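A.B. asks: Fold the stuff below for me.
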Amino acid sequence: MPHEIKSVHNPRIHLEILSKKDVQKIHQATLEVIESVGIRFPSHKALDILEAHHAKVDRQSMVAKIPGHIVEEYISKAPPKYILAALDPKLDLPLDGSYSHLGTDGCGIEIIDAFSGERRRTTKKDVSDVARVADYLDEIAFHWVPISAQDCPPYSRSLHELAAIWQVSQKHVQTESIVNEDEMKVAVEMAAALVGGRETLRKRPILSIMQCTTSPLGHDGGSLEAALVAAEAGLPIGFMTMTSCATTAPVTLAGNLVVGNAEVISALALMQMAYPGCPVYYAAAQTAADLRSGAYTGGGPEDFLFGAATNVLSDFYDVPLSMGAFATGAKEPNWQAGVENSLSAFMAVSTLSDMLLGAGLLHGSRILSYEMLLLDAEIWSILCATFDGIVVNEENLALEVIRAVGHSGNYLAQKHTKQHMKERWITRFMDRRPYNVWEEKRDGPREWARREAQRILEQYHPEPLDENLCRELDDIIKAHERRFEEQKTITS
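C.D. replies: All right, here's what the predicted structure looks like:
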């Protein structure tokens, strides 16, 4: 089926969440934290780079204090726009400040089976099946690895996940589960094999990378070193802060923003020190801890405000943003899921976040639900139509047809109606039937979404990846697995 990716483009509705003075205050506070408190970089490779660029490095604590002007100098070297390339160039995604694209999310560990309704652990086949459904949906512009291939070895699992997606979809792929140098080198090799070499990959990055910070004010060493490998290869690399009010960040929203901002821009500056001009992006999924339990919430007014505010910060640094906006904390596709996913996405799009993540996930990114994936796609289609706004021009004012219809009749048979009726939004899952029809059947959106997911899984089989390329990916992964086993034997 031909794809027509549905992304928000140049929305006519905007929201101002932070003033220019507010942004400057957050920025200056961030630089003060990075310079006086420092950021933990538990990687000697990262510390060597930072020290060579005039950071004060404590090798024992692995904390680097970077002068503010140095952070500013290197952040300014990041490209403000680039593309997320796809195997099919028609599916390329521009990150140029005028689009918002929706992706899946999060490497969840459980899935609700579309046929049995059973909640179970995820497999490589599930990764492939979810990718097929996401490929079918025009609302899904790119793939985050949505669930974990837990039937594959831990040391090559992330590579199997990439292969499972590439074998069934030509959309762009982003992964967050490669957290060491060796696996990243293999992922680069796989991506290069698909596009015909490393130089082509640099021009057409079909893979992008997400790493998470370690709050408060820290990074993961393996993730930093993996990111440096990706940056060297020209793959877009982002760092996501997930600071939480009252636990890993101050309870105040502005304080949370400062801690998260310090984590992200310190890592982006590091990437620019190592490889000036490499594509990077800001990433955030900040929240507030549930004050009754300390648990991750996955939705609430704080999350919605963060979703808009972090895009203002990424615009200030002139880099794209990836924003956690779906991935509700609800346990099932219900009222809570609809409220959290709708409002979080609305706030993020209102400030034109480049990438939004989380479609299809429940329980704070732990469980994949096919029903939720399709219902989230419906939410996204509503947002796309909403942010188109109201176009006022001679054709749309429709004075000629208003005069023609006058005081009687209707507009259904008018040529103007036929010409423009496809512009009107049509629901797939909202229940607009007469009450007596609903009363008789007592079904609704969840059942319809589940049946639609079953239909897609049974009937939609996109053109598979070339067999030779599939074998090459498998051979690359097997070679990595052999090296790992040999090294384990030597060290033991």
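A.B. asks: Give me the average confidence score over stretch 268-287.
C.D. replies: Averaged over stretch 268-287, pLDDT sits at 96.
A.B. asks: oh, I was asking about stretch 396-416
C.D. replies: 93.
A.B. asks: and it, how far out from the chain's middle?
C.D. replies: The chain centroid and the centroid of stretch 396-416 are separated by 44 Å, computed with CA atoms, centre = their mean, to the nearest Å.
A.B. asks: end-to-end on it?
C.D. replies: For stretch 396-416, the first-to-last residue distance is 9 Å (CA to CA, to the nearest Å).
A.B. asks: quick one: strands adjacent to the lowest-mean-pLDDT helix or strand in the chain?
C.D. replies: Ranked by mean pLDDT, DSSP states H and E, the weakest helix or strand in the chain is strand 8-9, scoring a mean of 80. Here strand 8-9 is paired, per DSSP bridges, with strand 99-102 (antiparallel).
A.B. asks: what is the rounded mean pLDDT of the partner strand?
C.D. replies: Mean predicted confidence for strand 99-102 is 94.
A.B. asks: Could you do stretch 107-121 as well?
C.D. replies: On average, stretch 107-121 scores 95.
A.B. asks: Tell me the gap between it and the middle of its chain.
C.D. replies: Chain-centre distance of stretch 107-121: 21 Å, with CA atoms, centre = their mean.
A.B. asks: now the end-to-end length of it.
C.D. replies: End-to-end distance for stretch 107-121: 12 Å, by CA to CA.
A.B. asks: Stretch 49-67 now?
C.D. replies: End to end - CA to CA - stretch 49-67 spans 14 Å.
A.B. asks: Stretch 362-378 too?
C.D. replies: Using CA to CA, the two ends of stretch 362-378 sit 16 Å apart.
A.B. asks: picking that back up, what mean pLDDT would you report for the helix or strand following the least confident helix or strand of the chain?
C.D. replies: Going down the chain from strand 8-9, the next helix or strand is helix 20-32, by DSSP states H and E. Averaged across helix 20-32, pLDDT comes to 97.
A.B. asks: name the helices or strands packed onto the helix or strand that helix 20-32 is followed by?
C.D. replies: For helix 20-32, the following helix or strand on the C-terminal side (DSSP H and E) is strand 39-40. Applying 3 or more CB pairs under 8 Å, 6 or more residues apart in numbering; DSSP states H and E, one finds that strand 39-40 contacts strand 63-65, helix 253-274. (C-beta placed from N, C-alpha, C; glycine too.)
A.B. asks: which one of the ones you listed lies closest to Arg428?
C.D. replies: Closest approach to Arg428 among those is made by helix 253-274 (35.8 Å; CB to CB).
A.B. asks: Give the buried residues for that closest one.
C.D. replies: 253, 256-274 (16 or more other CB atoms under 10 Å).
A.B. asks: again with stretch 71-78
C.D. replies: 71, 74-75, 77-78.
A.B. asks: Which ones among the residues you listed lie within strands?
C.D. replies: Judged by DSSP state E, the buried residues of stretch 71-78 include no members of strands.
A.B. asks: Redo those as TSV? Include distance to Ile112.
C.D. replies: Conversion of these to TSV gives the following (distance: CB to CB, whole Å):
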residue	distance to Ile112
Val71	44
Tyr74	44
Ile75	41
Lys77	45
Ala78	39
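A.B. asks: Just the closest of these to Leu469, please.
C.D. replies: Among those, and counting by CB to CB, the member closest to Leu469 is Ala78, at 31.9 Å.
A.B. asks: pretty sure the closest one is touching Met273, no?
C.D. replies: No - using CB atoms under 8 Å as the test, Ala78 is too far from Met273 to be in contact (11.2 Å).
A.B. asks: Can you flag which of the buried residues of stretch 71-78 belong to helices?
C.D. replies: Assigned to helices by DSSP state H, the following of those qualify: 71, 74-75.
A.B. asks: Show me the shaky parts of this protein.
C.D. replies: For the chain, the stretches flagged by pLDDT under 70 are 1-2, 13, 298.
A.B. asks: what's the residue closest to the geometric middle of it?
C.D. replies: In the chain, the centroid-proximal residue (CA atoms, centre = their mean) is Leu357; its distance is 3.4 Å.
A.B. asks: contacting residues for that one?
C.D. replies: By CB atoms under 8 Å, 6 or more residues apart in numbering, the contact list for Leu357 reads 102-106, 144, 285, 322-327.
A.B. asks: same thing but at 6 Å, please
C.D. replies: For Leu357, the contacting residues are 103, 105, 144, 324, by CB atoms under 6 Å, 6 or more residues apart in numbering.
A.B. asks: Bridged to it, which residues?
C.D. replies: As assigned using DSSP bridges, the partners bridged with Leu357 are Gly324.
A.B. asks: Next one: it relative to His3, how far apart?
C.D. replies: In this structure, Leu357 and His3 are 19 Å apart, going by CB to CB, to the nearest Å.
A.B. asks: and what of His44?
C.D. replies: Taking CB to CB, one finds His44 at 45 Å from His3.
A.B. asks: out of the two, which sits in the more crowded spot?
C.D. replies: Under the criterion of other CB atoms under 10 Å, the comparison of His44 against His3 puts His3 first, with 19 against 14.
A.B. asks: for the residue lying closest to Ile206 once chain neighbours are set aside, what are its contacts?
C.D. replies: Spatially, and ignoring its direct neighbours in sequence, Ile206 is nearest to Ala85 (5.0 Å; CB to CB, 6 or more residues apart in numbering). Shown in contact with Ala85 (CB under 6 Å, 6+ apart): 92, 204-206.
A.B. asks: Return the member of the residues you listed nearest to Ala231.
C.D. replies: For the contacts of Ala85, the nearest to Ala231 is Pro205 (11.0 Å; CB to CB).
A.B. asks: what about the closest one, neighbour count?
C.D. replies: Neighbour count for Pro205, taken as other CB under 10 Å: 23.
A.B. asks: hang on, it packs against Ala231?
C.D. replies: No - when contacts are counted by CB atoms under 6 Å, Pro205 is not listed as touching Ala231 (11.0 Å).
A.B. asks: Run through who's touching the biggest helix by length in the chain.
C.D. replies: In the chain, taking DSSP H as the definition, the longest helix is helix 467-491. With contacts defined as CB under 6 Å, 6+ apart, helix 467-491 is touched by 155-156, 159, 163, 167, 186, 189-190, 193.
A.B. asks: try stretch 224-235
C.D. replies: Residues contacting stretch 224-235 (CB under 6 Å, 6+ apart): 43, 45-46, 178-181, 184-185, 188, 202, 205, 207-209, 211, 237, 271, 274-275, 278.
A.B. asks: Mind giving me the PyMOL select for the residues you listed, buried ones only?
C.D. replies: A single PyMOL command is used to select the members of the contacts of stretch 224-235 judged buried by 16+ other CB under 10 Å:
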select buried, resi 43+46+178+179+180+181+184+185+188+202+205+207+208+209+211+237+271+274+275+278
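A.B. asks: re the thing from before, tabulate the contacts of Ala85 in CSV, adding columns for distance to Tyr296 and secondary structure.
C.D. replies: Converted to CSV, these look like this (distance: CB to CB, whole Å; DSSP: H, G, I helix; E, B strand; the rest coil):
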residue, distance to Tyr296, secondary structure
Asp92, 34, coil
Arg204, 36, coil
Pro205, 31, coil
Ile206, 32, coil
